[in-house]
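**Q** show me the folded form of this:
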Amino acid sequence: MSLAATLSSRFALLLTGRTLLLLLGLAVTAILTRSLGPEGFGHYRAAVAYLSIAVVLADLGLTSVFVREISQAGADQARIVGSAIVLRLTLAVVVFVAAVAFAFALNLDTSARTGIVAGAAGFVAYSLHLMLFGLFQQRLRQHGVVLAEVLGGLALLAGVVFLSRAQARPALFVAALATSYLLTLMISLLFARRLVPFRLRVDLSHWRRLMRSALPLALTGTLAVLYVRADSVLLALLSGAEMVGLYGVPVKIFDSAMGVSLLLTGLFAPLFAESASTDAQRFSQHVEQGLTVMATGAVAAALALNAVAREIVVLLGGSAFADADDILRVLSLFLMGHALSIMLREAAVALHIQRQLLRPYAMGAAVAFACYIPLITLYGGVGAAAALIVAEIVVLSLILRVVQRAVEQPISLRAITGVALSGLTGALALVAVTWLGGAAWARLGAALGAYAIMLCVSGALRLSTLAEMARGALLGRSSAS
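**A** So this is what the prediction gives:
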């Protein structure tokens, strides 16, 4: 089976699970926004955003290094998994204890602080689950992790329904989210032990080796979270809970779209790790294919979100959140650049040049914070999203330069250029139909239709490749799962 067919067969199950999670997540958000209103939802989102920052800080680069370690030929996966879990748990507990203590030093509302305390333990569990996800992808046995996340999502939905009827405070909804993460981790651990019969171990020599490799990624991860995840917290400090609530609905939609991007990155990461040191030509081809697939999907998502932005935020949050449509439009543009940056970051990890990522992320963080305060002060949530775009342009261009310098065979951007031109065609069609007063379905159809036609005409997307991927998804699913 070719690479396209193989990846599509692996991706089919993950996409099915992600679609279920997306629907569950949107249902949860719809209940939350209507139960809590913009201000209460803002308290909830401030707590969740703060804890999400702690999750990224607690990663310390271990997730990417973990995937690379277990993907190497002859790797002792049982030893690596057992040791890495204990290391991740130890580091996560330390980071979250510090994060909770620091929350009381910030000028956050009492409700947001209470939510942070209520959700901390669950987010530690989520941090562990994210690392285990790489094991399921590397072993091509995704059904366990998909089931864990879906069951966790169902538990969250049940908890939110119960709490909304009880008119509970925002902190209890954060606790419900944390409980669902604990359930997810328990199930993913069960399936992980079936794949690799590991035992928990304290392996100091292995820890030192992991941390030496992960330290550059830890620094880049810290810098990345400063510019990507600090937006909601800064809005809470500068604009208040209601603006955080308005911003939270577009961010939820953005996170859902990024979830699919992370799945794609996870599918390509083992391919990068396998070919980086053995076949330079094949590695460059994998990176080209990964970037092209990511760009194709990200541009389509951005066009769709722009076409029906108001309809989506009203459907998800209710009429009280209608003013968040412009925030969603701006965030959809950020999605395109951020998805490509993540794919290139995994390529850099496979090449063992993660130290060279420090400068791109340091520059991105500096640019973001230079833009955040003035733009948020002037334009609120739209300004925060605009600051992200400016920073991401800097990060993406610098990471691409780092990777291009490190590879023996240059990575061709011809297909991505075709995707970009096709996206511009779709955007022009969207503007034209919007100017003519077209309905939501007309705007969406015009944008995606023009985009798809231009993809085929330009050669950026080949019908034969689509057919091959479709066959892989339909016929190869059983072998992949």
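
**Q** who touches stretch 26-44?
**A** Stretch 26-44 has contacts (Cβ atoms under 8 Å, 6 or more residues apart in numbering) with 109, 111-112, 115, 153, 156-157, 160-161, 163-164, 167, 169-171, 173-174, 236, 240-246, 248-249, 252, 256, 315-318, 320-321. Any C-beta I mention is one placed from the backbone N, CA and C, and that applies to glycine too.

**Q** in strands, which of the residues you listed appear?
**A** The members of the contacts of stretch 26-44 all map outside strands under DSSP state E.

**Q** among those residues, which ones are buried?
**A** Neighbour counting over these (16 or more other Cβ atoms under 10 Å) leaves 109, 111-112, 115, 153, 156-157, 160, 163-164, 169-171, 173-174, 236, 240-246, 248-249, 252, 256, 316-317, 320-321 as the buried ones.

**Q** which pLDDT value belongs to Gly115?
**A** Note on Gly115: pLDDT of 94.

**Q** count of residues packed around the residue nearest to it when sequence neighbours are not counted?
**A** Spatial nearest neighbour of Gly115, chain neighbours left out: Ala47 (3.0 Å); criterion: Cβ to Cβ, 6 or more residues apart in numbering. Per other Cβ atoms under 10 Å, the neighbour tally for Ala47 reads 31.

**Q** look through the chain and tell me its longest helix.
**A** Counting residues, the longest helix in the chain under DSSP state H turns out to be helix 3-59.

**Q** got a list of contacts for the following helix or strand past that one?
**A** Following helix 3-59 in sequence order, the next helix or strand is helix 62-71 (DSSP states H and E). For helix 62-71, the surrounding residues in contact (Cβ under 8 Å, 6+ apart) are 75, 77, 80-81, 84, 87-88, 91, 130-131, 133-135, 137-138, 210, 213-214, 217, 266, 269-270, 273-274, 345-346, 349-350, 354.

**Q** narrow those to just the buried residues.
**A** Applying 16+ other Cβ under 10 Å to the contacts of helix 62-71 flags 77, 80-81, 84, 87-88, 91, 130-131, 133-135, 137-138, 210, 213-214, 217, 266, 269-270, 273-274, 345-346, 349-350, 354 as buried.

**Q** run through the residues that contact Ala120.
**A** Contact analysis of Ala120 by Cβ under 8 Å, 6+ apart lists 51, 54, 96, 99-100, 178.

**Q** tell me the pLDDT of it.
**A** Predicted confidence (pLDDT) for Ala120: 94.

**Q** please tell me how far the closest residue to His286 other than its chain neighbours sits from Val407.
**A** Nearest residue to His286 in three dimensions, chain neighbours excluded: Leu271, at 4.7 Å (Cβ to Cβ, 6+ apart). Distance of Leu271 to Val407, computed by Cβ to Cβ, to the nearest Å: 14 Å.

**Q** try Arg45
**A** Relative to Val407, and taking Cβ to Cβ, Arg45 is found at 40 Å.

**Q** comparing those two, which residue is more hemmed in?
**A** Arg45 (32 against 17).

**Q** pull the CA atoms of stretch 311-330 into CSV?
**A** Below are the C-alpha coordinates for stretch 311-330, written out as CSV (Å, rounded to 0.1, in the frame of the first residue of the first chain):
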residue,chain,number,x,y,z
GLU,A,311,-23.8,31.3,12.0
ILE,A,312,-21.3,29.0,13.8
VAL,A,313,-20.8,31.3,16.9
VAL,A,314,-24.5,31.9,17.2
LEU,A,315,-25.3,28.2,16.9
LEU,A,316,-22.7,27.3,19.4
GLY,A,317,-23.0,30.1,21.9
GLY,A,318,-26.4,31.7,21.2
SER,A,319,-27.2,35.2,20.1
ALA,A,320,-25.3,36.7,23.1
PHE,A,321,-22.1,35.6,21.4
ALA,A,322,-22.9,36.9,17.9
ASP,A,323,-20.2,39.6,18.1
ALA,A,324,-17.5,36.9,18.3
ASP,A,325,-17.7,36.2,14.5
ASP,A,326,-14.9,38.6,13.6
ILE,A,327,-12.7,36.9,16.2
LEU,A,328,-13.3,33.5,14.6
ARG,A,329,-12.5,34.9,11.1
VAL,A,330,-9.1,36.2,12.3
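
**Q** which residues are contacting that stretch?
**A** With Cβ under 8 Å, 6+ apart as the test, stretch 311-330 has contacts from 26, 29-30, 33-34, 37-38, 41, 245-247, 249-250, 252-254, 305-306, 309-310, 381-382, 384-386, 389, 440.

**Q** go through that stretch and flag the buried ones.
**A** Within stretch 311-330, the residues scored as buried using 16+ other Cβ under 10 Å are 311-314, 316-317, 320-321, 324-330.

**Q** between which two of these is the distance greatest?
**A** The two members of these with the most space between them (Cβ to Cβ) are Ala320 and Val330, at 20.0 Å.

**Q** Gly152 touches Thr184, doesn't it?
**A** Yes - at 3.4 Å, Gly152 counts as touching Thr184 under the criterion of Cβ atoms under 8 Å.

**Q** give the burial count for Ser277, as a bare number.
**A** 12.

**Q** dihedrals phi and psi, it?
**A** With angles defined as degrees, to the nearest 10, Ser277 sits at phi -100, psi 0.

**Q** please report the distance of Arg34 from Ala46.
**A** Relative to Ala46, Arg34 is positioned 19 Å away (Cβ to Cβ).

**Q** who has more neighbours out of these two?
**A** Ala46 (32 against 15).

**Q** check contacts around Ala450.
**A** The neighbours of Ala450, taking Cβ under 8 Å, 6+ apart as the test, are 425-426, 428-429.

**Q** again, 10 Å this time
**A** By Cβ atoms under 10 Å, 6 or more residues apart in numbering, the contact list for Ala450 reads 303, 422-430, 432-433.

**Q** using the three-state scheme, assign it.
**A** helix (DSSP: H, G, I helix; E, B strand; the rest coil).

**Q** which residue, other than its chain neighbours, is closest to it?
**A** Using Cβ to Cβ, 6+ apart, the closest residue to Ala450 is Ala429 (3.8 Å).

**Q** now the phi/psi pair for Ile411, please.
**A** Dihedral angles (degrees, to the nearest 10) for Ile411: phi -90, psi 120.

**Q** burial check on it, number of neighbours?
**A** Using other Cβ under 10 Å: Ile411 sits among 19 other residues.

**Q** show me where pLDDT drops low in the stretch 151-300 of the chain?
**A** For the stretch 151-300 of the chain, applying pLDDT under 70 flags the ranges 217, 221.

**Q** so which residue is dead centre in this structure?
**A** When Cα atoms, centre = their mean is applied to the chain, the residue found nearest the centroid is Met258 (4.0 Å).

**Q** who does the helix or strand encompassing that residue touch, helix- and strand-wise?
**A** Here Met258, judged by DSSP H and E, is contained in helix 241-275. Judged by 3 or more Cβ pairs under 10 Å, 6 or more residues apart in numbering; DSSP states H and E, helix 241-275 is in contact with helix 3-59, helix 62-71, helix 110-138, helix 230-238, helix 280-307, helix 309-317, helix 325-350, helix 381-406.
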